[in-house]
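1. Sequence first, predicted coordinates after that:
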Amino acid sequence: GVRILSIEQFASAPYGSLYLADLGAEVIKIENAAVGGDSARFGEPYMLGDKDSLYFQGWNTNKKSITLDLKNESERQSFHKLVATADAVMNNLRGDQATKLGLDYKTLSAINPKVVCGHISAYGRDNERAGRPGYDFLMQAEAGLMSLTGDPHGDPARFGPSIIDFMTGMTLTVGLLSCLLKARESGIGCDIETSLFEVALHQLNYAATWYLNKGHVARRLPRSSHFSKTPVQTFKAADGWIFVM
């Protein structure tokens, strides 16, 4: 009984809306036909057909999809007809794009006062970096996560999977569901937003708390050791590596 419209591509918003779809929401993915749709459709090496790949399917199962050009007046009217029937509209565009395309609550509330508008961007929508693009691996570097990952004698390393994209998608989903509960009670929607950079900083968690309160600088430790507990690390055995905790 929940309809979500999502203007999304690559990982962060698609990962969040994937969970909503898996929970039973009707998620309608809105793609731009002029560029071939979500760029993840072309993610090699395992193509399933024209404009479809296993890379894309990993974040987009259980969803519906339509193509609309939101800069075209007639197609924007079609979008507004969908908004009138939707519970939420979400996007992961650059921070300055949502308002320009009329995806914010101020614009869409005139069509549907209960709609919740969820925003993911690189740095947020109301600061000097709002117009900048951003990606998971850049955030791992900028927020300092790479200084904590890998062997101390090696190069800085990133997490293997796009963990910041995934956590940002989940962070927005939690906020979106909270706002949907509020909108059902009050009849009034809102904007809800997070950013890749904020989520990346938040993943520092207790390492950041130690630094802010005690000046302790956490550093990379040998063999994936825990920052404060032992033995919590890898050990090399005769037939391979084991992890002991």
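-> Looks like it came in fine. Just so it is clear, the model here is predicted, and its values are computed rather than measured.
2. from here on, contacts and neighbour counts on C-alpha atoms
-> OK.
3. which helices and strands sit right next to the helix ranked longest in the chain?
-> In terms of residue count, the longest helix belonging to the chain (DSSP state H) is helix 163-186. With contacts taken as 3 or more C-alpha pairs under 8 Å, 6 or more residues apart in numbering; DSSP states H and E, helix 163-186 sits against helix 12-22, strand 116-121, helix 136-142, strand 190-195, helix 196-202.
4. Give me the buried stretch members for the first one, please.
-> Within helix 12-22, the residues that qualify as buried by neighbour count (16 or more other C-alpha atoms under 10 Å) are S12, A13, P14, Y15, G16, S17, L18, Y19, L20, A21.
5. how close does L101 sit to M170?
-> According to C-alpha to C-alpha, to the nearest Å, L101 and M170 sit 24 Å apart.
6. So between these two, which is more surrounded?
-> The residue with more neighbours, out of L101 and M170, is M170; 20 against 12, by other C-alpha atoms under 10 Å.
7. Report the contact partners of the spatially closest residue to that one that is not a sequence neighbour.
-> Counting by C-alpha to C-alpha, 6 or more residues apart in numbering, the nearest residue to M170 once its immediate chain neighbours are dropped is G16, at 5.1 Å. Contact analysis of G16 by C-alpha atoms under 8 Å, 6 or more residues apart in numbering lists F166, T168, G169, M170, T171, L172, T173.
8. 7 Å - rerun?
-> G169, M170, L172, T173 (C-alpha atoms under 7 Å, 6 or more residues apart in numbering).
9. Save these as a markdown table, and put in pLDDT and distance to S121 too.
-> Below are the contacts of G16 laid out as a markdown table (pLDDT from 0 to 100; distance: C-alpha to C-alpha, whole Å):
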| residue | pLDDT | distance to S121 |
| --- | --- | --- |
| G169 | 98 | 11 |
| M170 | 98 | 14 |
| L172 | 98 | 11 |
| T173 | 98 | 14 |
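10. if we take those residues, which one ends up nearest to A237?
-> When those are compared for distance to A237 (C-alpha to C-alpha), M170 comes out closest, at 37.1 Å.
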